[in-house]
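J.: Sequence first, predicted coordinates after that:
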Amino acid sequence: MKERSTNSPAPWNKTRVTSSLGIEYPIIQGPLGGLSTQRLTATVSNFGGLGSFGAHGLTPSAIRDVIAEIRELTAKPFAINLWVSMEDEGAGTSGRAEFQRSLAHLAKHIEALGVPLPEYKPYVPKRFEDQARVLLDAKVPIFSFIVGIPPKEILDECRAQGIVTIGTATTPSEAIALEQAGVNVIVASGFEAGGHRGSFLLSAEESLTGTFSLTPQVVDAVSLPVVAAGGIADARGILAALALGAEGVQIGTAFLASEDSGASLHHRNALLSGKAQNTALTKGFTGRLARGIRNHLLDELNGPGVEILPYPLQRFLVKNLSIPAEKAARPELLPLWAGQSASLSRERDANVLLQTLVSEIKDVAGPILHWNRERRSGHRTP
């Protein structure tokens, strides 16, 4: 019979995630893709969480500038996020005819906004390896990634330089693959999350597991510290994640609603209006499966007979509508990225959000985390 542990509960924020990342609170700000800002990244890091910047759409030189700017704003650890898979099959061979067929579904909206229709331009790819090279040369504190696993030589160099790596899994099998590759921390991303799915072993459509189901399965499948993501927007979500065995959380949409994010005023207002309860998955915004608030554009692009270009060609095409739609204050024609808990977003100030999360959690999280530590070590307190 195993003896009952008599250790008092450790502080809720002292986990392997905080230890690995060198942060005070196990709260990671989601990378937010093209809506990242250096200011938000630094704000979260300066508070004691982990600020993240989604750089997958940037050129290597632009990424270099972003890293330098973040370092001017914070001396704390931060993460730069990249996509391992930069394009889908067919992106390099899709031509003018495919472009025109996809444009046909957007043309009426673009013309109604009084801007000329875009012209076809051949696809010029970006290389993940070139982007990753910048991160390695800059010795960023933390390198996070989705949609795959970086080549072994990149991960080896991260280890040699002391760069912490965070991989994203949407299934237990992906988590096992990440652990075998030697990453340091795994994000278990449930399908409630806003933005793009990070699946890489099977299609995104075949990898739609909710956070409540995915997190404990990943925790049981790997020995690495696990961060829960997807549908977490307040202290209740963080507590649920800890109860499921996670040692940290990643929050995206709640930070996207803050004024420090790169989201437009219309986007932020939609998140804070209380009318963001209805979200849906679509390939129509970028060519890859992603979650946003249901609006006219999302429903139209999810309709029958709509031809969607491969990623990232669809993303480039939709920008020709979203940029003038934003200027014209037409949110019904914007991609409004959001997770399923978007209606829980309350704060326009990222610092206030963090203060609220920490204040609401610290009094009750200790026993939950203590229980999970005992479970992992083979003890169980009645």
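T.: Arrived safely, thanks for sending.

J.: contacts and neighbour counts: CA atoms only from here.
T.: Noted.

J.: CA atoms of stretch 230-249 as CSV?
T.: Extracted C-alpha coordinates of stretch 230-249, given in CSV (Å, rounded to 0.1, in the frame of the first residue of the first chain):
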residue,chain,number,x,y,z
GLY,A,230,-8.8,25.4,-27.5
GLY,A,231,-11.8,27.0,-25.9
ILE,A,232,-9.9,28.3,-22.9
ALA,A,233,-10.8,31.9,-22.2
ASP,A,234,-11.1,32.4,-18.4
ALA,A,235,-10.0,31.0,-15.0
ARG,A,236,-12.6,28.2,-15.3
GLY,A,237,-11.0,26.9,-18.5
ILE,A,238,-7.5,27.0,-16.9
LEU,A,239,-8.7,25.1,-13.9
ALA,A,240,-10.3,22.5,-16.2
ALA,A,241,-7.1,22.1,-18.1
LEU,A,242,-5.1,21.6,-14.9
ALA,A,243,-7.7,19.0,-13.7
LEU,A,244,-7.2,17.2,-17.0
GLY,A,245,-3.4,16.9,-16.4
ALA,A,246,-2.1,19.8,-18.4
GLU,A,247,0.6,21.9,-16.9
GLY,A,248,-0.2,25.1,-18.8
VAL,A,249,-2.7,26.6,-21.1
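
J.: which parts of that stretch are buried?
T.: Within stretch 230-249, the residues that count as buried by 16 or more other CA atoms under 10 Å are 230-235, 237-249.

J.: what do you get for stretch 289-298?
T.: Buried residues in stretch 289-298, counted by 16+ other CA under 10 Å: 289-295, 297-298.

J.: same question, stretch 217-228
T.: Those buried within stretch 217-228 under the rule 16+ other CA under 10 Å are 217-219, 222, 224-228.

J.: for stretch 295-311, same thing?
T.: 295, 297-298, 301-302, 307-311.

J.: Just give me how far it sits from the chain centre.
T.: With CA atoms, centre = their mean, to the nearest Å as the basis, stretch 295-311 stands 22 Å off its chain's centre.

J.: where along the stretch 51-200 of the chain do the strands fall?
T.: 51-54, 78-83, 142-146, 164-169, 185-189, 195-196 (DSSP state E, counting those that start in this stretch).

J.: Between the ones you listed, which one is closest to G210.
T.: Checking the strands of the stretch 51-200 of the chain against G210 by CA to CA gives strand 185-189 as the closest, at 8.1 Å.

J.: Just checking: what are the partner strands of that closest one?
T.: strand 164-169 (parallel), strand 226-229 (parallel) (DSSP bridges).

J.: Now mean pLDDT and distance to V44 too, for these, in TSV please.
T.: Converted to TSV, those look like this (pLDDT from 0 to 100; distance: least, CA to CA, whole Å):
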stretch	mean pLDDT	distance to V44
strand 164-169	98	17
strand 226-229	98	17
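
J.: Spatially, which two of the buried residues of stretch 289-298 are the most separated?
T.: L289 and N295, at 16.2 Å, using CA to CA across the buried residues of stretch 289-298.

J.: got any ranges where the protein has weak pLDDT?
T.: Across the chain, the ranges flagged by pLDDT under 70 are 1-9, 363-382.

J.: L202: neighbouring residues, count only.
T.: Residues near L202, counting by other CA atoms under 10 Å, number 12.

J.: Let me fix that, I meant to ask about E347.
T.: Taking other CA under 10 Å as the criterion, the count of residues near E347 is 18.

J.: isn't there a helix covering it?
T.: No. Under DSSP: H, G, I helix; E, B strand; the rest coil, E347 falls outside any helix and is assigned coil.

J.: Quick check: nearest residue in space to it, chain neighbours excluded?
T.: Spatial nearest neighbour of E347, excluding adjacent residues (CA to CA, 6 or more residues apart in numbering): L353 at 5.8 Å.

J.: Likewise for P324?
T.: The shortest distance from P324 to any non-neighbouring residue, by CA to CA, 6+ apart, is to L113 (6.7 Å).

J.: follow-up on the earlier one: from the buried residues of stretch 217-228, which single one is nearest Q38?
T.: Nearest member of the buried residues of stretch 217-228 to Q38, counting by CA to CA, is V227, at 22.5 Å.

J.: who touches that closest one in this structure?
T.: Counting by CA atoms under 8 Å, 6 or more residues apart in numbering, V227 touches 17, 185-188, 246-250.

J.: now L317
T.: Applying CA under 8 Å, 6+ apart to L317 gives the contacts 103, 118.

J.: Just give me the neighbour total for the residue nearest to P324.
T.: Residues contacting L113 under the criterion other CA under 10 Å number 15.

J.: Out of the strands paired with strand 185-189, which one sits most buried?
T.: Mean neighbours per residue, mean count of other CA atoms under 10 Å, is largest over the strands paired with strand 185-189 for strand 226-229, with a mean of 32.

J.: just to revisit the earlier point, JSON lines for the strands paired with strand 185-189, including distance to F47?
T.: Output for these, formatted as JSON lines (distance: least, CA to CA, whole Å):
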{"stretch": "strand 164-169", "distance to F47": "20"}
{"stretch": "strand 226-229", "distance to F47": "19"}
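
J.: So which of those is nearest E179?
T.: strand 164-169 (8.9 Å).

J.: Run the angle between the closest one and strand 78-83 for me.
T.: Interaxial angle, strand 164-169 versus strand 78-83 (axes from the mean of the first three to the mean of the last three CA atoms, to 10 degrees): 40 degrees.

J.: Can I get strand 164-169 in CSV, CA atoms only?
T.: Extracted in CSV, the C-alpha atoms of strand 164-169 (Å, rounded to 0.1, in the frame of the first residue of the first chain):
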residue,chain,number,x,y,z
VAL,A,164,13.2,25.6,-26.1
THR,A,165,10.9,24.0,-28.7
ILE,A,166,7.1,23.7,-28.5
GLY,A,167,5.2,21.5,-30.9
THR,A,168,1.5,21.4,-31.5
ALA,A,169,-0.6,18.1,-31.6
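
J.: which residues touch that strand?
T.: Strand 164-169 is contacted by residues 20-21, 141-147, 149, 155, 158, 175, 178, 183-189, 198-199 when judged by CA under 8 Å, 6+ apart.
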